[in-house]
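Asks: Build me a model:
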Amino acid sequence: MSKSYEDYETDYQSYLSRIRSFLASTRSQSTLKECERLVEAANKCATAMQAMAEVEGNGFRTAEAKKLYQRDLTPLREEISRGLKGGGTGGEDLNREDLFYSPPNNSEFQSLATQSLIQNSEDLLLDSRAILAETEQIGMSTLTQMSTQREQMQIASDDMNTTLNTTAQARLILKKMRIKLFKSKLFLYGMILVLVFLNGLVLHLIWKK
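Replies: Residues are numbered from 1 along each chain as shown. Got it, this is the predicted structure:
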């Protein structure tokens, strides 16, 4: 069965408690070696806690898990390393508050969690406002483009109507020209027939004489 974030956190605190207990008592090479092993086990728990918090998307837990290395593990490693090298207890050189750090109680943790939730809510609200403003800007831009396209379509429609009117007028003019040409042809044919008749009459009169 896989462990939860809380399980790793409990194991982590248990390892730290044992390490601090060893360091607070009379130290020996064997206890320091055991402390070194427990630090590595606590480090694995911290790594697992950070990974699980990142997968869950919990920013508060991720930040808290990252702090464990600098706040707890690094000072403990340095203290154990000094002890293994024969540097004595080393407690005087190391800030005791860093070495024996106590995590916040439940009420403080809830307060920090509440503050984190409030901050996240404010960030989400700001992001929502920014998205809303961007959406409004896109909407205005779209309306402007649509208005411009509508004007262009209206101009194109007016141009088409003008072209149709011009074409209709041209057809009317051509029709009138065809009628006028037809009348001119009839007049010319009539004149030719009259001239032929007169020429025939003249020839007839001359022939009788």
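
Asks: So which residue is smack in the middle of this structure?
Replies: The centre of the chain sits closest to I131, judged by Cα atoms, centre = their mean, with a distance of 9.7 Å.

Asks: downstream neighbour of the helix-or-strand element of the chain with minimal mean pLDDT in the secondary structure list?
Replies: Counting by mean pLDDT, DSSP states H and E, the chain has its least confident helix or strand at helix 96-99, which shows a mean of 46. The first helix or strand that comes after helix 96-99 along the chain, using DSSP states H and E, is helix 106-208.

Asks: other SSEs contacting that next one?
Replies: Secondary-structure packing of helix 106-208 (3 or more Cβ pairs under 8 Å, 6 or more residues apart in numbering; DSSP states H and E): helix 59-68. (C-beta placed from N, C-alpha, C; glycine too.)

Asks: by how many degrees do the helix it packs on and helix 106-208 diverge?
Replies: Comparing the axes of helix 59-68 and helix 106-208 via axes from the mean of the first three to the mean of the last three Cα atoms, to 10 degrees yields an angle of 130 degrees.

Asks: quick one: contacts for N58?
Replies: N58 makes no contacts at all, as judged by Cβ atoms under 8 Å, 6 or more residues apart in numbering.

Asks: Specify the local secondary structure of R27.
Replies: Secondary structure assignment for R27 (DSSP: H, G, I helix; E, B strand; the rest coil): coil.

Asks: What is the burial count for it?
Replies: 19 (other Cβ atoms under 10 Å).

Asks: and what of A46?
Replies: Around A46 there are 23 other residues, counting by other Cβ under 10 Å.

Asks: looking at it, it is touching L73, isn't it?
Replies: Yes. If you go by Cβ atoms under 8 Å, A46 and L73 touch, sitting 6.7 Å apart.

Asks: so where is the protein shaky, pLDDT-wise?
Replies: Along the chain, the parts satisfying pLDDT under 70 run over 1, 87-113, 116-117, 209.

Asks: The same query, at a cut-off of 80, please.
Replies: Scanning the chain for pLDDT under 80 picks out 1-2, 26, 86-124, 209.

Asks: For stretch 50-68, measure first residue to last.
Replies: Using Cα to Cα, to the nearest Å, one end of stretch 50-68 lies 10 Å from the other.
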